[in-house]
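K.L.:
sharing a model that was predicted from the sequence below.
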Amino acid sequence: MLRVRAAGAGLRARAPLVLVAAATTLVAGCSGPAPAPAERSAPTSVPPSLAAPPTLPRGPRLYVTNERSGDLSVIDVGTRQVVATVRLGKRPRGIRLSPDRRVLYIALSGSPYAPPGVDDKTLPPPDRSADGIGVVDVRTLRLARTIPVGTDPEQLAVSRDGARLFVSNEDAATVSVVAVADGRVVATVAVGGEPEGVEVAPDGASVYATSEADGEVYAIDVARAILLGKIATPSRPRGIAFLPDGSRAYVTCENGHAVAVVDAHRHALLRTIHLVGDNARPMGVAAAPDGRRVWVTTGRGGTAVAIDTSTDEAVGSIAVGPRPWGIAIAPDGGTLYTANGPSNDVAIVDVATGVVTARVKTGQSPWGVVLAP
């Protein structure tokens, strides 16, 4: 396995968990263009041993952010082995692949690691210098730069043309709109408390952001960076997945033990799917490429639950490992990949049989996953 240390990048990992707060409605708004903070770039000189891009097997790869070890595991899908580890920075969580598949964008945060039950007053102060979006070159597997995007970024989405990033700033209750070309924050949209999940609709016209504290989803106009509407959901909404045809969005609601189904054209709640069991805490979510199933990880429930989108009912579950979070689906819909934080591994699941066919060890506390076919 190749270990790649990004020039100028340090290993400083921590990790988050926040609890649901009262449902207060915030006034959402948009600020004008903001001056661009200086980006943190890697030095131009690198050791000779790191000068050439790593030689890795060709074929599909799974990229996994490891929140506590502060790095990225690169898994060769064919061999089911970690073939490289890239050092990133503090608390890498949300991860996205650019539309041209050349770049990975990874949310990094200097907010202290706070596992469940920890009193926030006992935590050290945040290291705001560690906040940003890390940009990793897929070819060289190097951290090319870090873009300042506001405080405590947790998740992000990329516009369909690849020109903008939409970043949830958890402790600031905002979504930052970032121009990829020069790293400028061109707008800041006020949303509810503790925003987390961010997802661009298939038509590229709107982006949704969840507010854990307020129990709402905020619909934002991509072009104008203004609020289109708010959708109330069950308690503590986390992740978002749109169906491929853009008709509906599925929002996982951790403390509501439910998945909210949203009309993505009217930005209105259609129905709520309640999952069985107190330990079913919906977290990550992904829609199958054909749109017939939506898969949901259940955190403490330890499963991936299948929702039939023709009926919007849960039709089965697969035990995948302890506290699964991030989830990805193969282009043919036949394989699931889940990041299981406590066991420091990724489960590879055959959908047809419902069997975990492999477990791949990663760094500490794997969080986000993205598949590059």
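P.N.:
Looks like it arrived, so ask away.
K.L.:
check whether residue 179 really touches residue 162, as I assumed.
P.N.:
No: using Cβ atoms under 8 Å, residue 179 is not in contact with residue 162, being 11.1 Å away. All C-beta atoms are positioned from the backbone trio N, CA, C, and that covers glycine.
K.L.:
dump the helix or strand containing residue 167 to PDB, keeping only the CA atoms.
P.N.:
Secondary structure assignment for residue 167, by DSSP states H and E: strand 164-169. C-alpha atoms of strand 164-169 as PDB (Å, rounded to 0.1, in the frame of the first residue of the first chain):
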ATOM      1  CA  ARG A 164     -19.300  26.100  -7.800                       C
ATOM      2  CA  LEU A 165     -19.200  24.400  -4.400                       C
ATOM      3  CA  PHE A 166     -22.000  24.600  -1.800                       C
ATOM      4  CA  VAL A 167     -20.600  24.000   1.700                       C
ATOM      5  CA  SER A 168     -22.500  23.600   5.000                       C
ATOM      6  CA  ASN A 169     -20.800  25.500   7.700                       C
END
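K.L.:
surely residue 141 and residue 87 touch.
P.N.:
No: using Cβ under 8 Å, residue 141 is not in contact with residue 87; the gap is 10.4 Å.
K.L.:
grab the nearest non-local neighbour of the most centrally placed residue in the chain.
P.N.:
Nearest to the mean C-alpha position of the chain, by Cα atoms, centre = their mean, lies residue 94 at 3.2 Å. Residue nearest to residue 94 in three dimensions, not counting chain neighbours: residue 155, with 3.4 Å by Cβ to Cβ, 6 or more residues apart in numbering.
K.L.:
how about the one you found, secondary structure?
P.N.:
Using DSSP: H, G, I helix; E, B strand; the rest coil, the structure places residue 155 in strand.
K.L.:
give me every residue that touches it.
P.N.:
Residues in contact with residue 155, defined by Cβ atoms under 8 Å, 6 or more residues apart in numbering, are 93-94, 107, 167-168, 196-198, 368.
K.L.:
next: residue 258.
P.N.:
Residue 258 neighbours (Cβ under 8 Å, 6+ apart): 234, 272-275, 282.
K.L.:
quick check: it vs residue 69, distance?
P.N.:
Distance, residue 258 to residue 69, using Cβ to Cβ, to the nearest Å: 32 Å.
K.L.:
next: residue 289.
P.N.:
Taken as Cβ to Cβ, the span from residue 289 to residue 69 is 31 Å.
K.L.:
the two: who's more crowded?
P.N.:
Higher neighbour count among residue 289 and residue 69: residue 69, with 20 against 14, using other Cβ atoms under 10 Å.
K.L.:
strands along the stretch 51-200 of the chain, start to end?
P.N.:
61-66, 71-76, 81-87, 95-97, 103-108, 132-137, 142-147, 153-158, 164-169, 174-179, 185-190, 195-200 (DSSP state E, counting those that start in this stretch).
K.L.:
what pairs with the fourth one, parallel or antiparallel?
P.N.:
If I follow you right, that is strand 95-97. strand 103-108 (antiparallel) (DSSP bridges).
K.L.:
mean confidence for the partner strand?
P.N.:
Averaging pLDDT along strand 103-108 gives 98.
K.L.:
before we move on, back to that, how about the residue nearest to the centre of the chain, what does it touch?
P.N.:
65, 106-107, 153-156, 168, 198, 368.
K.L.:
those into CSV, with extra columns for distance to residue 239?
P.N.:
Below are those laid out as CSV (distance: Cβ to Cβ, whole Å):
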residue, distance to residue 239
65, 15
106, 17
107, 14
153, 16
154, 11
155, 8
156, 13
168, 11
198, 9
368, 10
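K.L.:
for the stretch 101-250 of the chain, give me the ranges with low pLDDT.
P.N.:
Low-confidence segments of the stretch 101-250 of the chain (pLDDT under 70): 116.
K.L.:
what about residue 189, neighbour count?
P.N.:
Residue 189: 22 neighbours (other Cβ under 10 Å).
K.L.:
again but with residue 348, I slipped
P.N.:
That count, for residue 348 with other Cβ under 10 Å as the rule, works out to 21.
K.L.:
for it, which non-adjacent residue is spatially closest?
P.N.:
residue 358 (4.3 Å).
K.L.:
pull up the pairing partners for whatever helix or strand the one you found lives in, direction included.
P.N.:
Assigned by DSSP H and E, residue 358 belongs to strand 355-361. If you go by DSSP bridges, strand 355-361 pairs up with strand 345-350 (antiparallel).
K.L.:
before we move on, back to that, could you dump the strands of the stretch 51-200 of the chain into TSV and include distance to residue 341?
P.N.:
Converted to TSV, the strands of the stretch 51-200 of the chain look like this (distance: least, Cβ to Cβ, whole Å):
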stretch	distance to residue 341
strand 61-66	9
strand 71-76	13
strand 81-87	16
strand 95-97	15
strand 103-108	16
strand 132-137	20
strand 142-147	23
strand 153-158	15
strand 164-169	19
strand 174-179	25
strand 185-190	30
strand 195-200	16
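K.L.:
the ones you listed: which one's closest to residue 254?
P.N.:
Evaluated with Cβ to Cβ, the strands of the stretch 51-200 of the chain place strand 195-200 nearest to residue 254, the distance being 9.7 Å.
K.L.:
list the helices and strands the very next helix or strand once past that closest one packs on?
P.N.:
Later in the chain than strand 195-200, the nearest helix or strand by DSSP H and E is strand 206-211. On a contact count with 3 or more Cβ pairs under 8 Å, 6 or more residues apart in numbering; DSSP states H and E, strand 206-211 meets strand 164-169, strand 195-200, strand 216-221, strand 237-242, strand 248-253.
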